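> model this:
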Amino acid sequence: MIVSIVTAVIALALLAVHILVSAEFYRVAVMKGWPEKKYLVMAIFLWVIGYMLIIALPDRGGYGRKAVESDDLPDI
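Numbering: from 1, shown residues only. The predicted structure follows:
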């Protein structure tokens with residue numbers, strides 16, 4: 001009985017940490033210029049794969065910043 005209660009408490013704690021981490025990844029997506037809520041849902045339901053998808057989003061210049069543009073690249 002006690003073991004199952006401890007297991008349930010640990011599972012709820014891990015779920016809470018996962019939701020907090022997902023919210024931070026959503027904040028990163030918004031900072032990159034992708035404010036749609038689907039990125040929060042993606043992070044919550046796809047776990048690590050959702051995190052990697054958010055990391056791979058290109059920067060569109062969120063929060064009034066310009067997107068990363070560089071003229072230092074060579075012409076091909």
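
> so, low pLDDT: which residues of the chain?
62-71, 73-75 (pLDDT under 70).

> 50 - rerun?
Across the chain, nothing is flagged by pLDDT under 50.

> all helices of it, in order?
Applying DSSP state H to the chain gives helices spanning 2-31, 38-46, 48-55.

> please work out which of those is packed deepest.
Highest mean neighbour count among those (mean count of other CB atoms under 10 Å): helix 38-46, with a mean of 17. To be clear about C-beta, it is placed using only N, CA and C from the backbone, and glycine gets the same treatment.

> now it against helix 2-31, angle please.
With axes from the mean of the first three to the mean of the last three CA atoms, to 10 degrees applied, the angle from helix 38-46 to helix 2-31 works out at 150 degrees.

> any chance of the helices of the chain in CSV, plus distance to residue 76?
Below are the helices of the chain laid out as CSV (distance: least, CB to CB, whole Å):
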stretch, distance to residue 76
helix 2-31, 31
helix 38-46, 33
helix 48-55, 27
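
> residue 5 and residue 18: what is the separation?
According to CB to CB, to the nearest Å, residue 5 and residue 18 sit 20 Å apart.

> residue 51 too?
Relative to residue 18, and taking CB to CB, residue 51 is found at 10 Å.

> joint contacts of the two?
Residues touching both residue 51 and residue 18 (CB atoms under 8 Å, 6 or more residues apart in numbering): there are none.

> which one of the helices of the chain lies closest to residue 61?
Smallest distance to residue 61 across those (CB to CB): 9.7 Å, for helix 2-31.

> what is that closest one packed up against?
Applying 3 or more CB pairs under 8 Å, 6 or more residues apart in numbering; DSSP states H and E, we find helix 2-31 packed against helix 38-46, helix 48-55.
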